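Asker: for reference, the sequence and a predicted model appear below.
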Amino acid sequence: MDVNDGRHFQNSLDCNVEPPDWEAQLHQAMTQAETAVLAGRHSTGSIYTGAAGAAYALLHLASCGLREPAAAAAEALRRLPEAEAACDNRRATLLEGPAGCVALEAWAQQLLGDTAAASKSVVRLGKLAACARDLPAQECEVLYGRCGFLGAILLVRQRLGDAELLAAQAAELVAQVVAEGKRAACDDWPLYFEWHGTCYLGGAHGMCGILLTLLQLPAELALAGPDAAQLVRATTERLLKCRFKSGNLSSSLGSRQDRLVHWCHGSTGLVMLLLRLGTGPDAEGYLALAKEAGEVVWRRGLLSTKGLGLCHGIPGNGYALLALHRATGDSLWLRRALHFAVFAAKHESDLAPLADRPLSLFEGLAGALCFWAEALRVASGQAGTSPGSGSPGESSDEFSLLKDALLQLLRVAADAEKLVFGVATVPPDRGQGQGMASQALAMCIPSCLSDTRLHGDPDAMHELSRLAYSRGAVVIIVRALNWLCPGPLGPALDQWIKEAKEELSAEAAEGADDPDVPEANVGGDAESKSSNAGIKEDDKAKEAYRTGDYAAAVKAWTRSLSSVKYLLEKDLYKHNPAQEKEVEGMELRLCLNLAQVHLKLSEWGQAVTFADKALVRDARNAKALYRKASALMELMSYSEAIEVLGRLLEFEPSNSAAVAMLAKANRSASLSEVRERRQAKKIFAGIERDSRVPPTEWEVFVDSVREAVADCFGQLEGKLGVRCPCRRSRSRAPGVDGDKKD
């Protein structure tokens, strides 16, 4: 059933035949898009909307065989340092923050054959995990939360061919996500997650993205608890109840507006989740549900309002169609994906400028470039597929072969004497155990994709097991299953399982010898000393702040905060709730003070960090919200500042300072978007000058005058609290970033 949501073109495309001349059209569109993306300037450094997205596009073209790998990797490495410097250091995810740049750096170095440098980059990425670990407990989603950093780990594991990279960091973050889901569980939701007070359901901020990430890490998920995998499946079952009559997934829990079919919100993200579940119990059932969601994407996925990015554009929906083709082998889904690709190419000049960031990966043209490249790669590998047959023909794609080998291995294992999951725990039925095995075995695939020796090997199952063990993937499998009885699996598999068991037993024995770390002897005396020390340091900090010695104030308040944290961590007040509340209030006040003094020192990132820590204690604290917004304005993160100020004004609508800052943030955000759109318009019109040619002195002078005039008006309006009548009014869509609030 189609729905007139005002956001998509009516789909009258004939999916029974391929679009005519699709290959030439896509190559031409790619050439133009690549020129625009690489010549353009980006206002941020992130993969999502910034310069790192262009580097990702380069590496993706190389992985699709459309660019020479060494040249693409070298160009990406040239661009990444500047992109990383422009990233927000408070962000800890693949798509937003330095972690994405470091992950791309490792990928590029691997393409160049510099494994030593790639390993160093992985180590550097591992150190950034602390930022994700220390996020507020509820920050679990893909765009800004813990699952976003797990996405960076998954990228380097896939591209470096090592499924064990950063295992400790991944396990810790998965455990945190599962723990938060359990803590917040309510009604009939086994796991429950919110982002800024709303339970989103899609891929960016919501359930689909979080659950998919957990399923992509089965070993770490198993370590998070014997019931963790089952909780994810049960949560997916609850999620499926949130579909409209049209089949589309609601954007958030309780929403009655059936209008979004994007990756970020809607059925597109659901397709990806259901396809991942299609490797476990009830595989056929989940595949059928994925196809139903795919039909929604096909009917309503020709998006018309927000550009050509991966987040909320045609390319993002096209990727879901390609994923359905890969999972089912049905050429129908490939033809549909090609139709989406050609449609986007034909309407590029009209659709691309509609985005807020027209050249970026998730909002703009770089996303279309990646989709066109992927469509070409997949379609080129499918020559020989019988149209409408529903199954692939002769193909050079190793994915299907590896999947068949794994499923065969799974069937043999299910016929073995017994299949035990967890620590000596027999699954309630053989089917459940088989599904758990399937989910773990699927982790073999990324480790083996780069090895072509399996193609055409009649004994592929045994070769697969040998290769998997040599790359460490078997440890993931056996750790997830913990025990897999050999049975009639053949000599190679018997040896594989035996060696894996021995390795795990050695790990367990080594861990058993580690002594427990003794607890400090904490009593009333320790409490008194720590508390007194904290009070003295607080007095020093106040005096230093009054005299303008802000550096000394930071040191003293930091020591005070350490004392307070010591009291809370040692649980000294578990029998005295009143005193515990008093100490928590002291922690809140110290975080507020540190946020303020870092503002004085122009240390904007630190100011945001301590404001966030204060908000963990009191999410409605006006001072914390205002100080965070002040720092975000200085960081030119206008969209985030608008969101923070909106939260503040929800419960303090008469806060005049917040109202004035919100007006300034809206103006600044509009100006930033206008500048990017102007540049994109020039590029799309074909009049963009080569970025290597420096501007003339006259152009520099004119730009400086324009910026000075705009700044003067901005300051004047900020003081008056009104808009100057001599300036043209600019309308701004409600919400923060359309993709994030849609």
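Answerer: Right, received. Where do you want to start?

Asker: so where's the chain uncertain?
Answerer: Scanning the chain for pLDDT under 70 picks out 1-3, 279-281, 381-538, 566-567, 569-576, 671-742.

Asker: just the strands in it please.
Answerer: Using DSSP state E, the strands of the chain run over 419-420, 483-484.

Asker: what residues does the closest residue to residue 128 other than its chain neighbours make contact with?
Answerer: Nearest residue to residue 128 in three dimensions, chain neighbours excluded: residue 99, at 4.9 Å (CB to CB, 6 or more residues apart in numbering). Placement of C-beta: from N, CA and C, glycine included. Residue 99 sits next to 91, 92, 93, 125, 128, 131, 132, 148, 149, 152 when contact means CB atoms under 8 Å, 6 or more residues apart in numbering.

Asker: I'd say the fifth one and residue 94 touch.
Answerer: This points to residue 128. No - in terms of CB atoms under 8 Å, residue 128 does not count as a neighbour of residue 94; the distance is 10.8 Å.

Asker: which one's more surrounded, the two?
Answerer: The residue with more neighbours, out of residue 128 and residue 94, is residue 94; 30 against 21, by other CB atoms under 10 Å.

Asker: wait, that one touches residue 146, no?
Answerer: No - in this structure, residue 94 is not within contact of residue 146 by CB under 8 Å, at 11.4 Å.

Asker: and residue 620, how many residues sit next to it?
Answerer: Other residues close to residue 620 by other CB under 10 Å number 12.

Asker: that one and residue 651: what is the separation?
Answerer: To residue 651, residue 620 is 6 Å away according to CB to CB, to the nearest Å.

Asker: same check on residue 616?
Answerer: Distance from residue 616 to residue 651, by CB to CB: 18 Å.

Asker: for residue 380, same thing?
Answerer: 56 Å.

Asker: who's more crowded, the two?
Answerer: A count of neighbours by other CB under 10 Å puts residue 380 above the other of residue 380 and residue 651, at 13 against 10.

Asker: what domains does the record give for the chain?
Answerer: 41-216, 243-380, 398-511, 522-624, 636-742 (automatic domain parsing).

Asker: list the contacts for the nearest residue to residue 110 once chain neighbours are set aside?
Answerer: In this structure, residue 110 finds its nearest non-sequential neighbour in residue 118, 4.5 Å apart by CB to CB, 6+ apart. Applying CB under 8 Å, 6+ apart to residue 118 gives the contacts 106, 107, 109, 110, 160.

Asker: in helices, which of the residues you listed appear?
Answerer: Within the contacts of residue 118, residues falling in helices by DSSP state H are 106, 107, 109, 110, 160.

Asker: any idea how far residue 9 is from residue 370?
Answerer: For residue 9, the distance to residue 370 equals 21 Å [CB to CB].

Asker: show me the contact partners of stretch 242-260.
Answerer: So stretch 242-260 is contacted by 1-3, 5-7, 198-202, 206, 208, 239, 261, 265-267, 269-270, 292-293, 295-296, 300, 312, 742 (CB under 8 Å, 6+ apart).

Asker: hmm, I was thinking of stretch 74-92
Answerer: The list of residues contacting stretch 74-92 from outside it, by CB under 8 Å, 6+ apart, reads 38, 42, 44-46, 50-52, 54-56, 58-59, 96-102, 104-105, 108-109, 112, 128-129, 131-132, 135, 144, 146, 148-149, 605, 608-609, 612, 635, 637.
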